[in-house]
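>>> just a sequence and a predicted model for now, questions to come.
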Amino acid sequence: MTDEATVFVPGHITGFFTISEDDDPTKAGSQGAGLALSDGVTVTVQAADERAVYLDDTSIEVESVERVLDALNANVLVDAESDLPLGAGFGVSGALALGAAIATNRVLGRALSENELITIAHGAEVQAGTGLGDVVAQAKGGIPIRLEPGGPQHNTLDAVPSRARVEYLNYDELSTESVLDERGEQLNSAGEKALSLLVQEPTLSSFIYASRGFAREAELLTPRVATVIDDVSDTGGQASMAMLGETVFALGTGLSDAGYEPESCSTYPAGVVFQ
Ligand SMILES: Nc1ncnc2c1ncn2[C@@H]1O[C@H](COP(=O)(O)OP(=O)(O)O)[C@@H](O)[C@H]1O
Ligand SMILES: CC(C)(COP(=O)(O)O)[C@@H](O)C(=O)O
């Protein structure tokens with residue numbers, strides 16, 4: 001046991017995905033692919049008499065984190081700092097859940113393994129309805145391809161063996177919960193097509209091409225996101241929409257070359273790391 005533990009969890013932009021439902025939340029999840037980011041969430045956990053969760057010094061309630069703390073029977077103070085906005089397709093809710101699980105285990109001396117903690121965080125996200133594949137992707141890092149859904153005991157992960165500078169521009173939030181409720185069917189046929197394209201040619205270029213096709217086919221593009229993606233294409237760059245947020249991401253200098261003023265970071269090769 002220790003008084004305090006701090007971990008960094010990379011953000012994760014999903015480019016495309018399919019939904020797999022299952023009564024067992026450790027088997028439910030998504031297939032798909034995305035980018036783990038060097039911008040992410042730093043989560044510090046301290047032993048405390050009462051439970052409290054802060055994000056960037058503001059008290060918040062995030063169901064996935066509450067579920068993780070319930071599963072670990074933990075009264076702790078979770079203090080998180082994020083480079084990325086919550087609810088905008090960067091997997092911040094997954095990062096909070098995973099960071100809380102890994103750091104709480106250390107602080108309270110719970111002696112669970114990494115896969116057990118990833119399973120708890122993945123199940124919590126699925127049950128909260130705020131994510132299906134972010135947690136397993138964030139635990140792996142890099143450019144994960146989720147070939148099979150679910151937590152670590154059930155899924156199969158591969159990756160695009162590459163790295164990239166990433167630019168992004170966020171306009172607004174999108175509720176993961178309501179999109180998943182309303183758009184399931186449409187998402188799955190578009191997601192399967194995108195995954196088979198990427199599996200045939202697992203490169204960054206295919207990833208972003210498949211992601212763009214998915215966003216279009218699943219009819220998730222908002223007018224301003226569509227305009228920005230077209231502007232990036234017109235200047236010879238590659239961009240798509242982050243699932244699920246009103247957010248555009250581009251490889252390299254795609255957004256700045258098109259005259260925008262984006263945030264920038266890079267893909268992050270590792271998963272969760274203790275600081
Ligand atoms: N200020 C806030 N803005 C957005 N979401 C919030 C806020 N406070 C709490 N939440 C909760 O955080 C979760 C965000 O989940 P999600 O939209 O999946 O985010 P992300 O895309 O960052 O993973 C939801 O459970 C939501 O209710
Ligand atoms: C796309 C999403 C279902 C949600 O992602 P976010 O809005 O970032 O929580 C993700 O978890 C995935 O399975 O790929």
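Ah, there it is. Ligands and ions are numbered 1, 2, ... in the order given.

>>> would you mark the buried spots in the longest helix along the chain?
Longest helix in the chain by number of residues, with DSSP state H as the criterion: helix 176-200. By neighbour count with 16 or more other CB atoms under 10 Å, helix 176-200 contains the buried residues 176, 179-180, 183, 187-188, 190-191, 194-195, 197-198. No exception for glycine: its C-beta is placed from N, CA and C like everyone else's.

>>> next: stretch 73-84.
Applying a neighbour-count criterion of 16+ other CB under 10 Å, one finds 74, 76-80, 82-84 buried in stretch 73-84.

>>> from those, which is closest to residue 110?
Lowest distance from residue 110 to those (CB to CB) belongs to residue 74, with 8.1 Å.

>>> you'd agree that closest one is up against residue 103?
No. With contacts counted by CB atoms under 8 Å, residue 74 stays clear of residue 103, the gap being 10.1 Å.

>>> output the set of residues of the stretch 101-250 of the chain in proximity to ligand 1.
Residues of the stretch 101-250 of the chain lying close to ligand 1 by CB under 6 Å from any ligand atom are 128, 130-131, 173, 175-176, 245.

>>> so which of the residues you listed are also by ligand 2?
Checking these against ligand 2 (CB under 6 Å from any ligand atom), the matches are 130-131, 176.

>>> now render these as CSV, adding distance to residue 31 and pLDDT.
Shown next, in CSV, are these (distance: CB to CB, whole Å; pLDDT from 0 to 100):
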residue, distance to residue 31, pLDDT
130, 18, 92
131, 14, 95
176, 16, 83
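
>>> with adjacent residues omitted, what lies nearest to the residue of the chain positioned farthest from its centre?
Most distant from the centre of the chain: residue 49, at 30.6 Å, with distances by CA atoms, centre = their mean. In space, and not counting its chain neighbours, residue 49 is closest to residue 75: 6.4 Å by CB to CB, 6 or more residues apart in numbering.

>>> for ligand 1, see how far away that neighbour is.
20 Å (CB to the nearest ligand atom, to the nearest Å).

>>> gap between that residue and residue 207?
42 Å (CB to CB, to the nearest Å).

>>> and the residue of the stretch 151-275 of the chain found nearest ligand 1, what does it touch?
Closest residue of the stretch 151-275 of the chain to ligand 1, CB to the nearest ligand atom: residue 176 (3.7 Å). Contacts for residue 176 were tallied using CB atoms under 8 Å, 6 or more residues apart in numbering; they are 87, 93, 129-131, 244.

>>> can you list the residues of the chain near ligand 2?
Residues of the chain lying near ligand 2 (CB under 6 Å from any ligand atom): 14, 17, 30, 32, 89-91, 93-94, 130-134, 176, 243-244.

>>> swap the cut-off to 8 Å and go again
Neighbours of ligand 2 within the chain, by CB under 8 Å from any ligand atom: 12-14, 17, 19, 29-30, 32, 34, 87-94, 125, 130-135, 137, 146, 174, 176, 180, 242-245.

>>> which among these end up buried?
Counted by 16+ other CB under 10 Å, those give 12-14, 17, 19, 29-30, 32, 34, 87-94, 125, 130-135, 137, 146, 174, 176, 180, 242-245 as buried.

>>> sitting in strands, which of those residues do you find?
Using DSSP state E, the members of those that fall within strands are 12-14, 17, 19, 29-30, 32, 34, 146, 245.

>>> pLDDT on stretch 30-49, on average?
For stretch 30-49, mean pLDDT rounds to 98.

>>> ok, now stretch 146-155?
When pLDDT is averaged over stretch 146-155, the result is 97.

>>> list the contacts of the closest residue to residue 162 other than its chain neighbours.
Distances taken as CB to CB, 6+ apart place residue 204 nearest to residue 162, at 5.0 Å, with adjacent residues excluded. Residue 204 sits next to 143, 160, 162, 164, 251 when contact means CB under 8 Å, 6+ apart.

>>> helices of this structure, start to end?
Counting by DSSP H, the segments of the chain that form helices are 63-71, 92-107, 114-128, 134-140, 176-200, 204-217, 223-234, 254-257.
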